[in-house]
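Q: What would the 3D arrangement of this be:
(chains A and B)
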Amino acid sequence: MNLKMKLMDIIKLSFTNAKRAKSSYLIMILVIIASASCLFSLSYKNSFDRYWNSYVKNSPEFRIMNVSYINWLDERDKRIMLGDASLDPDEKLKIIDETTKEVMDVLATNEHILGVSQQYRVMAQIDYFENHNFSFVILGVPLDNNIEIVSGNNLDSYSENDKVMICPNIVYYRDKNNIFYGNQKTDMNDLIGQAVTLSMADNATDEYKIVGLYDTISNYAYGEICYTSYANVKSLDDIYYEAYPHLYQEHLEYMKTIHYTGDNVFIMIDDVENLGQINDFLHENNLFQEGAIVGINTETVDEIMKSCSYITLGMLVLSGIIICLTLVQNITKRTKEFYLYNVLGYSKKDILKLIFIENSILIIIGYIFAIIAAQIGLIIYKNIVLIHKSRLYLMNPRVDMISILIGLLVALIIPILITVTISIFTRKRSFSSVEE
Amino acid sequence: MLIIKISDLAKKYKKKEKEILVLNHIDLSFEKGKIYNIIGHSGSGKTTLLNIIGTLLEFDSGKILIDGFDITSMNEKEKADIRNQKIGFVFQSYFLNDKLKAFENVMVPMYINVNIKKSNRKNLAIQLLKKVKLEDRINHYPKELSGGEQQRVAIARALANNPEIILADEPTGNLDKENEKIILEIFKKLKEEGKCIIISSHSDYIKKYADVILEINDGKVEVVT
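A: This next block holds a predicted model:
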């Protein structure tokens, strides 16, 4: 006779059974929770991995560090760092400018220092958001292969592939009581500060588009890097205007003060392993300041990534086990139903197909919802948690295709495993007797 | 006309190194168009015999022919095909799928039957339900049906592939007298259509409908009437 159940009939019967069983909804919820957690964890790890490798680890500016020369400034005139009002602002600027150039000349003599760059700070006080007075800082780091400060706002002298880093960064701001917040995190104020920073990025012109960020706290540089040029400016008003002409016009009426301060230069070193020698050099030249030059420690991140991997793997296994046990329990409660199919002429193979397809339907439908849930979770996480960690905000965690495929592979292995297990279990025995 | 022929059938169970010979080399024949009632005390082997005839249980020795097919040496798949095409089962506890409606329950055996076109299945199921006087319960789930109605759905399911043999194990065990009568009237009608009905039951009422009563005692089968 050789009767055979057609695939479409198997799917139809399985779907009907799955749709109408109360336990199916519980199983799907379990699948959604387990899979979404897994996807969240896996996608987050992959996103960070991608971000870390592409923007940070492989970035040439990875080796950029701060050198503070406040010692030199102090020796020139103690009033500079004290912010003494008796010091004429123009005189102050002149001293800082001269000192900066001297420091840069000294630093350029070290063989491990590939280049030196001046740091610009533009302080602009804006009465802009809800009557708060904000001062924000643009840290510009013009950097090219020659590590020179080019003159003139002339992009023509650079090719499209030339790169330089612009780093408008975390906002330093003062509130209406003129209390300086620096880079501290305070919820709403910080959010506004972030918004200012990021909106500046959006509003910059194409030539000066901000596509990268350099975090002076951690010395991480990330994002794309593009070239631009800066004049040997007489006033940083020019920088601001050149870089962000739209913003400049928009904020002009709100601007009260623009001034320039600087006690840092950036150096690019050849290898972090030479940090010891460089520190010795800085000591010799009275440029060393504890904590001023910070090596980027990847060990911590590597450890975090490792832990992340273990956690993700653990979640994969745990969720797989939970789903497996739930599905198996669901099947063992239905042995009489499967025996009935056997009685009605369904072969063991047909019954195993029914079990497999039914489980697969539950898992696939649950998994689709899990992808959506995981993506929503990552969006919420980004906008609630990561928004406070500006450098991680660029990470943009999202459910990626690799995570989806890995999760799907694990998810589909489960019904296969269950079916194989039942097949082995029932090899030498039939499904339990109806009347037992 | 002979539909089932059993020759020298033996079946034993092992319990703690002790062997119990449930069926002791029995010979039986079953014909179409008759109702057979198998009786015997509890544990005598009634269900065992039914399950063996229904190819659900292996036996130790002997030979069984079902509509000319020797099931003795058949593999699991071939037996399943025989069950689907030749035998309809009716159980004491009905054993309907709670998740399927009445007509869907009747359709379950049809999924494997290549002789029934997909487009005809539902119509056939509805016709069978009409046959057992359940035309107004087609879309009901089992829990929405009474015991008697559920058993009638089970009978309709048993008839799905138009089998020649109906095996019923205590089919009226959970029913009241009124429903029992309805079920037995259906069996009677099926008998008149030429089906071989084999019922395992203690019920005195069924004896009145049976053409042949077989009693199992000490592993032997005796024709009572």
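
Q: where does chain B have its least confident helix or strand?
A: When the helices and strands of chain B are scored by mean pLDDT, DSSP states H and E, helix B:204-209 comes last with a mean of 86.

Q: Whatever helix or strand comes next after it pairs with which strands?
A: As assigned by DSSP states H and E, the chain's next helix or strand after helix B:204-209 is strand B:212-217. When pairing is defined by DSSP bridges, strand B:212-217 lines up against strand B:34-39 (parallel), strand B:220-223 (antiparallel).

Q: Measure how buried the one residue in the stretch 201-350 of chain A that gets nearest to chain B is and give me the count.
A: In the stretch 201-350 of chain A, the residue that lies nearest chain B is A:Gly345 (2.4 Å; C-beta to the nearest C-beta). Where you see a C-beta, it was placed from the backbone N, CA and C, and this is true even at glycine. Residues lying near A:Gly345 (other C-beta atoms under 10 Å in any protein chain shown) number 29.

Q: mind checking the SS state of the residue nearest to it when sequence neighbours are not counted?
A: Closest residue to A:Gly345 apart from its sequence neighbours, by C-beta to C-beta, 6 or more residues apart in numbering or on different chains: B:Asn84 at 2.4 Å. When classified by DSSP: H, G, I helix; E, B strand; the rest coil, B:Asn84 comes out as helix.

Q: B:Asn84 contacts B:Tyr111, doesn't it?
A: No - contact between B:Asn84 and B:Tyr111 fails when scored by C-beta atoms under 8 Å: they sit 9.5 Å apart.

Q: about what we covered before: for the residue nearest to A:Gly345, grab the count of nearby residues.
A: Neighbour number of B:Asn84 under other C-beta under 10 Å is 24.

Q: what about the strands in chain A?
A: A:64-68, A:113-118, A:120-129, A:132-141, A:165-168, A:212-215, A:220-223, A:255-260, A:264-269 (DSSP state E).

Q: no wait, chain B
A: B:2-15, B:18-31, B:34-39, B:61-66, B:69-70, B:87-91, B:165-169, B:196-200, B:212-217, B:220-223.

Q: neighbouring strands for the second one, and are they parallel or not?
A: What it means is strand B:18-31. By DSSP bridges, strand B:18-31 pairs with strand B:2-15 (antiparallel).

Q: quick one, what contacts the spatially most central residue of chain B?
A: Per C-alpha atoms, centre = their mean, the C-alpha nearest to the average position across chain B is that of B:Leu167, at 1.5 Å. The contact partners of B:Leu167, by C-beta atoms under 8 Å, 6 or more residues apart in numbering or on different chains, come to B:Leu50, B:Ile53, B:Gly54, B:Ile87, B:Gly88, B:Phe89, B:Val90, B:Ile198.

Q: who's in contact with the longest helix seen in chain B?
A: Criterion DSSP state H: the longest helix present in chain B is helix B:177-192. Surrounding helix B:177-192, the residues in contact under the criterion C-beta under 8 Å, 6+ apart are B:33-35, B:131-133, B:146-148, B:151-152, B:155, B:159, B:166, B:168, B:171-172, B:175, B:197, B:199, B:203, B:205-206, B:209, B:211.

Q: mean confidence score for it?
A: The average pLDDT for helix B:177-192 rounds to 90.

Q: what is the orientation angle of it with strand B:196-200?
A: Note on geometry: by axes from the mean of the first three to the mean of the last three C-alpha atoms, to 10 degrees, helix B:177-192 and strand B:196-200 are set 150 degrees apart in direction.

Q: Go ahead and produce PDB holding the CA coordinates of helix B:177-192.
A: Provided in PDB are the C-alpha atoms of helix B:177-192 (Å, rounded to 0.1, in the frame of the first residue of the first chain):
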ATOM      1  CA  LYS B 177     -28.200   2.900  28.400                       C
ATOM      2  CA  GLU B 178     -29.800   5.300  25.900                       C
ATOM      3  CA  ASN B 179     -26.500   6.200  24.300                       C
ATOM      4  CA  GLU B 180     -25.400   2.600  24.400                       C
ATOM      5  CA  LYS B 181     -28.400   1.700  22.300                       C
ATOM      6  CA  ILE B 182     -27.700   4.400  19.800                       C
ATOM      7  CA  ILE B 183     -24.100   3.200  19.400                       C
ATOM      8  CA  LEU B 184     -25.200  -0.400  19.000                       C
ATOM      9  CA  GLU B 185     -27.800   0.500  16.400                       C
ATOM     10  CA  ILE B 186     -25.000   2.200  14.400                       C
ATOM     11  CA  PHE B 187     -22.900  -1.000  14.700                       C
ATOM     12  CA  LYS B 188     -25.900  -3.000  13.600                       C
ATOM     13  CA  LYS B 189     -26.200  -0.800  10.500                       C
ATOM     14  CA  LEU B 190     -22.600  -1.100   9.800                       C
ATOM     15  CA  LYS B 191     -22.800  -4.900  10.000                       C
ATOM     16  CA  GLU B 192     -25.600  -4.800   7.500                       C
END
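
Q: how about it: buried residues?
A: B:Asn179, B:Glu180, B:Ile182, B:Ile183, B:Leu184, B:Ile186, B:Phe187, B:Leu190, B:Lys191 (16 or more other C-beta atoms under 10 Å in any protein chain shown).
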